[in-house]
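**Q** Sharing a model that was predicted from the sequence below.
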Amino acid sequence: MDHGLTRRELIACGLAAGMLSSLSSGAWAARRARNETTMEPKLVTVPQAIPEKVYTTERVGISRQTHDEHLKLWQGYANKTNEIRKALAELEVDPAKANQIYSAIRALKVDLTFAYEGYINHNVYFDTIGGQGGPATGAIADLIQEAYGSFEKWAADFKATGIAGRGWAFLAYDHEEQRVFNYIGDAQNTFPIWNHTVVLALDVYEHAYYLDFQTARAKYIDAYLQVIDWDAVNARLKAALR
Ligand SMILES: [Fe+2]
């Protein structure tokens, strides 16, 4: 029986069926008429709840309400990541339409970095709080000692970095130089340093602390330093070094 498509094309059409709901029937029909198929977009998991351990930060004044409100923003980054990935999968890529001033592919790819990195930053933030805080333990403690001389010096630098940042402070492992460093992030997608792994992320946007500390960001960071989950940080470092 002649379907007008090869067997491979029929299989590809079947695989793409899962994204039919996100494509308008008109757009899909047009693609099929041109004998085109698209890759199914890889989607991120939208967080459904704050990890239970995170609520233990109430003991230092970072409230349950702050985290519950924060969850909505975390979900927003995940949902927008998925929305952009679906839009990119549907985009009819044409180099002649690409433009550095404005074009659909530029808009989608620039904002993908904001959405996806916003998602990743919050994944690290919520994974690495809800612990006992205090001096670092394990392998990360050795790296901090090596890079900053002492935990106290590292903590002072991390606090200053958090005060100086407009959105984030990151403790990252530099695979190039095999050392750690405290970096500033002014937005979700700034300032990336390649060949690094972020093992600790401190959210210093007002939404992370205003309900509990108003404008006293330094007090929020003091509280944060008492609830870092160093086991989680070491797990991230171990995975990065594997
Ligand atoms: Fe946030």
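**A** The structure has been received and is ready for your questions. Numbering: from 1, shown residues only.

**Q** Please, which helix or strand holds the residue lying closest to Asn182 once chain neighbours are set aside?
**A** Of all residues beyond its chain neighbours, the one nearest Asn182 is Thr161 (4.5 Å), with distances taken as Cβ to Cβ, 6 or more residues apart in numbering. Just so you know, the C-beta spots here come from the backbone N, C-alpha and C atoms, and that holds for glycine as well. Following DSSP states H and E, the helix or strand that holds Thr161 is helix 151-164.

**Q** counting contacts, what elements does that helix pack onto?
**A** Here helix 151-164 touches helix 138-148, strand 168-174, strand 179-185, helix 217-225, going by 3 or more Cβ pairs under 8 Å, 6 or more residues apart in numbering; DSSP states H and E.

**Q** Grab the nearest non-local neighbour of the residue at minimal distance from the centre of the chain.
**A** Among the residues of the chain, the one closest to the centroid is Ile120, at 1.3 Å (Cα atoms, centre = their mean). In space, and not counting its chain neighbours, Ile120 is closest to Val198: 7.7 Å by Cβ to Cβ, 6+ apart.

**Q** Report how many residues lie close to the one you found.
**A** Neighbour count for Val198, taken as other Cβ atoms under 10 Å: 23.

**Q** Show me what it is bridged to.
**A** Ala172 (DSSP bridges).

**Q** helix, strand or coil for Arg236?
**A** Here Arg236 is recorded as helix under DSSP: H, G, I helix; E, B strand; the rest coil.

**Q** need the contact list for the nearest residue to it once chain neighbours are set aside.
**A** Nearest non-adjacent residue to Arg236, counting by Cβ to Cβ, 6+ apart: Val199, 4.4 Å away. The neighbourhood of Val199, defined by Cβ atoms under 8 Å, 6 or more residues apart in numbering, consists of 124, 128, 140, 171-173, 180, 233, 236-237, 240.

**Q** how does the protein divide into domains?
**A** As given by automatic domain parsing, the domain ranges for the chain are 63-127, 138-241.

**Q** one step back: check which helix or strand the residue nearest to the centre of the chain maps to.
**A** Going by DSSP H and E, Ile120 is in helix 104-127.

**Q** need the longest helix for this structure.
**A** Longest helix in the chain, counting residues (DSSP state H): helix 64-90.

**Q** List the residue ranges of the protein that fall below the pLDDT cut-off.
**A** Residues of the chain that meet the criterion pLDDT under 70 lie in 1-38.
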